[in-house]
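1. need a structure here:
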Amino acid sequence: MENADFIYAKNWCSYEHYGQILRTDDKWMITPEKMELTNNGKFMHCLPIRRNIVAADGVLDSSNSLVIQQSQNRIYSAQAVLKQLLENG
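-> Presented below is the predicted three-dimensional model:
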């Protein structure tokens, strides 16, 4: 993470365990302290995110978080894909 310009966090789980907290390991959570190691890095995540499990509130709510902008852009991306599918069958 040192000197990174962007941090893109994503966790994965099986459908069987979706929504369960199997264990917590603070080493895996993105915290403000970890973000301080970056080059004033921007935080990204595709959402939805599990607050204080994947990333701390202080990261998600910071001015360097791009998650809201990402979610807004996803609307236009989905519309473009849907348009292509409808037009080209």
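2. can you check the pLDDT for the residue most central in space within the chain?
-> Geometric centre of the chain, nearest residue: His45, 1.3 Å, by Cα atoms, centre = their mean. His45 carries a pLDDT score of 96 in this model.
3. which residues does it contact?
-> If you count contacts by Cβ atoms under 8 Å, 6 or more residues apart in numbering, His45 has them with 8-10, 54-55, 67, 70. Backbone N, C-alpha and C define where each C-beta goes, glycine included.
4. please repeat the previous calculation with a cut-off of 6 Å.
-> When contacts are counted by Cβ atoms under 6 Å, 6 or more residues apart in numbering, His45 touches 9, 67.
5. give me the helices and strands touching the one helix or strand Ala78 maps to, please.
-> Per DSSP states H and E, Ala78 falls inside helix 67-88. For helix 67-88, not one helix or strand is in contact under the criterion 3 or more Cβ pairs under 6 Å, 6 or more residues apart in numbering; DSSP states H and E.
6. could you give me the buried positions within that helix?
-> By neighbour count with 16 or more other Cβ atoms under 10 Å, helix 67-88 contains the buried residues Val67.
7. burial check on Val59, number of neighbours?
-> The number of residues packed near Val59 is 25, by other Cβ atoms under 10 Å.
8. quick one: it and Ile30 touch, right?
-> Yes: with contacts counted by Cβ atoms under 6 Å, Val59 reaches Ile30, the gap being 5.2 Å.
9. which residues touch stretch 71-80?
-> Contact with stretch 71-80 is made by Leu47, as judged by Cβ under 6 Å, 6+ apart.
10. and that stretch, how far out from the chain middle?
-> 16 Å (Cα atoms, centre = their mean, to the nearest Å).
11. avg pLDDT for it?
-> Across stretch 71-80, pLDDT averages out at 94.
12. put the alpha carbons of that stretch into PDB.
-> Written as PDB, here are the backbone C-alpha positions of stretch 71-80 (Å, rounded to 0.1, in the frame of the first residue of the first chain):
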ATOM      1  CA  SER A  71     -21.900   3.700  -7.800                       C
ATOM      2  CA  GLN A  72     -23.200   6.700  -9.800                       C
ATOM      3  CA  ASN A  73     -21.000   5.800 -12.800                       C
ATOM      4  CA  ARG A  74     -22.300   2.200 -12.700                       C
ATOM      5  CA  ILE A  75     -25.800   3.400 -13.600                       C
ATOM      6  CA  TYR A  76     -24.600   4.800 -16.900                       C
ATOM      7  CA  SER A  77     -22.400   1.700 -17.600                       C
ATOM      8  CA  ALA A  78     -25.400  -0.600 -17.000                       C
ATOM      9  CA  GLN A  79     -27.600   1.600 -19.200                       C
ATOM     10  CA  ALA A  80     -25.100   1.400 -22.000                       C
END
